[in-house]
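In: Dropping a prediction and its sequence here:
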Amino acid sequence: MSSPSATAPADTAASSGAKARRRFTVDALFADHRPQAVGVTDLVTAKEIRLDRIEPDPDQPRRSFDPTKLAELAASIRREGVLQPIAVRYDAGRDVYVVVHGERRWRASRLAERETIPAIVRDVPEERRLIQQLMENIVRDDLNAVDRAAALRALKIQLGDAPWEQVAETVGIRRSRLFQLLGTEKLPDAARADIREGRLSEKQSRALQGLPPGHQEALRAAIVADDLPAEEAMRLARALRAVRIPDDPAAAAAVLAELRVASPVPKEPPPSRQDEVAALLTALAAAAGGDRAERAALARAADAAGAPAYDAARLRDEVLALARTLVRAPAADLRPGGAAYAPLAALCGALDAVLGN
């Protein structure tokens, strides 16, 4: 029979070996041990999903998408791809994925004729979907006021007809701001359509509230036609309330015309020559780095401004004329801080962009 002292080391070694062996698991064998993997966890919900397997959420708060901005996003996606994954949920009953966040990116990807889009699949309870969608749009502040007001009212119903204070707290906005948004629901159809399409801002539309329908229509038309500042719109609304005229759009329009002639809105001064040069150089650099559609758009803008067509001989003559002028320029004007330094440095950068394209 062996003594306890003889068997203890063997038992200790066996125990230590068992503990050491238990440290190595199958997961550990396949773990990523590279430096860039430290503190990083893979998402099993991240997917690349075919666009035809995704559909928009019919209850999404956003109801309108600016075609121009959508085309710009599509052009960006053609160049760089989708830089931020969208979020979707899986509808098992219909075997489709439904957009939770990122419908603009999904629509733009279809315009860009992509086949797939990166997406994160989330299991979002039905009672939380509208809250999350509304909060995302409020944080990004790119949902128009009319659609936002409709979504807030839908959320109130979804929360069991909760008090407005609770609705405001749920989405993280002030109670006063919530009632400003809800005020757009009282506007006429034409004004709400203008807000949705971006012709009328929510701040401008506040001047219409409380006016009779005919006066609202006259003031709305004036604001949209001349893009009146919100402060001017409020001044005109106060003046309309002070006069006694019928609730008729034509009568209100005549009064508004008189009020604007008597106290016209001061016009902004025309851009300085330096601002004009800076804008042209910015456009020149953008044309060099942009895609064909962007260059075509800039060319159309140049045509509308009456810019002459490209002429190689004229370009050469004007470059020579500029060179002869610079020969006579005072040295101080050509140094940093000098009168000619900033526009010439901008021109140099724009030419680098064009010649390096």
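Out: Received the coordinates, thanks.
In: And the strands in this structure?
Out: Taking DSSP state E as the test, the strands found in the chain are 46-50, 54-55, 86-91, 96-101, 116-121.
In: Strand partners (parallel or antiparallel) of the second one?
Out: According to DSSP bridges, strand 54-55 has the following sheet partners: strand 96-101 (parallel).
In: residues near N144, how many?
Out: Look at N144: counted by other Cβ atoms under 10 Å, it has 24 neighbours. (Each C-beta comes from the backbone N, C-alpha and C, glycine too.)
In: what does L347 give?
Out: Using other Cβ under 10 Å as the criterion, L347 is surrounded by 15 other residues.
In: now do D248
Out: For D248, the number of neighbouring residues by other Cβ under 10 Å comes to 15.
In: before we move on, back to that, possible to save the strands of the chain as TSV with distance to G338 and mean neighbour count?
Out: Formatted as TSV, these follow (distance: least, Cβ to Cβ, whole Å; neighbours: other Cβ atoms under 10 Å):
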stretch	distance to G338	mean neighbour count
strand 46-50	54	14
strand 54-55	57	18
strand 86-91	51	19
strand 96-101	51	20
strand 116-121	50	20
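In: For Q180, find the nearest of these.
Out: Q180 lies closest, by Cβ to Cβ, to one member of the strands of the chain: strand 96-101, at 24.7 Å.
In: what does that closest one contact?
Out: By Cβ atoms under 8 Å, 6 or more residues apart in numbering, the list of residues contacting strand 96-101 from outside reads 49, 53-57, 60, 86-91, 106, 119, 121-122, 124, 129, 132-133, 136.
In: can you list the strands of the chain in TSV and add mean pLDDT and distance to E202?
Out: Listed next are the strands of the chain as TSV, based on pLDDT from 0 to 100; distance: least, Cβ to Cβ, whole Å:
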stretch	mean pLDDT	distance to E202
strand 46-50	91	35
strand 54-55	94	30
strand 86-91	89	27
strand 96-101	88	23
strand 116-121	92	31
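In: Tell me which of the ones you listed sits nearest to A313.
Out: strand 116-121 (49.0 Å).
In: start to end distance for stretch 207-218?
Out: From the first residue to the last, stretch 207-218 extends over 12 Å; the measure is Cα to Cα, to the nearest Å.
In: how about that stretch: buried residues?
Out: Residues of stretch 207-218 classed as buried by neighbour count (16 or more other Cβ atoms under 10 Å): A207, L208, L211, P212, G214, H215, Q216, E217, A218.
In: I'd like the distance from it to the chain centre, please.
Out: Averaged C-alpha coordinates place stretch 207-218 at 31 Å from its chain's average position (Cα atoms, centre = their mean, to the nearest Å).
In: what is the mean pLDDT for that stretch?
Out: Predicted confidence along stretch 207-218 averages 94 (mean pLDDT).
In: how far out from the middle of the chain is stretch 188-207?
Out: Taking the mean of its C-alpha atoms, stretch 188-207 sits 19 Å from the chain's own mean (Cα atoms, centre = their mean).
In: now what about that stretch, what contacts it?
Out: Applying Cβ under 8 Å, 6+ apart, the contact partners of stretch 188-207 are 63-64, 66, 144-147, 180-181, 183-184, 187, 208, 213, 216-217, 219-220, 223-224, 228-230, 233-234, 236-237.
In: got the buried residues for it?
Out: Of the residues in stretch 188-207, those scored as buried under the neighbour-count criterion (16+ other Cβ under 10 Å) are 191-192, 194-196, 199-202, 204-207.
In: Next, the distance between the ends of that stretch.
Out: 13 Å.
In: hmm, back to that, let me have the strands of the chain in CSV, adding distance to E80 as columns.
Out: As requested, the strands of the chain are exported to CSV (distance: least, Cβ to Cβ, whole Å):
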stretch, distance to E80
strand 46-50, 16
strand 54-55, 20
strand 86-91, 16
strand 96-101, 20
strand 116-121, 13
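In: Tell me which of those lies nearest to A323.
Out: strand 116-121 (51.2 Å).
In: Sheet-wise, list the partners of that closest one with their directions.
Out: Looking at strand 116-121 with DSSP bridges, what it pairs with is strand 46-50 (antiparallel), strand 86-91 (parallel).
In: I86 contacts R122, correct?
Out: No - contact between I86 and R122 fails when scored by Cβ atoms under 8 Å: they sit 10.4 Å apart.
In: Looking at the contacts of stretch 188-207, which are in helices?
Out: Under the assignment DSSP state H, the contacts of stretch 188-207 contribute 145-147, 180-181, 213, 216-217, 219-220, 223-224, 230, 233-234, 236-237 to helices.
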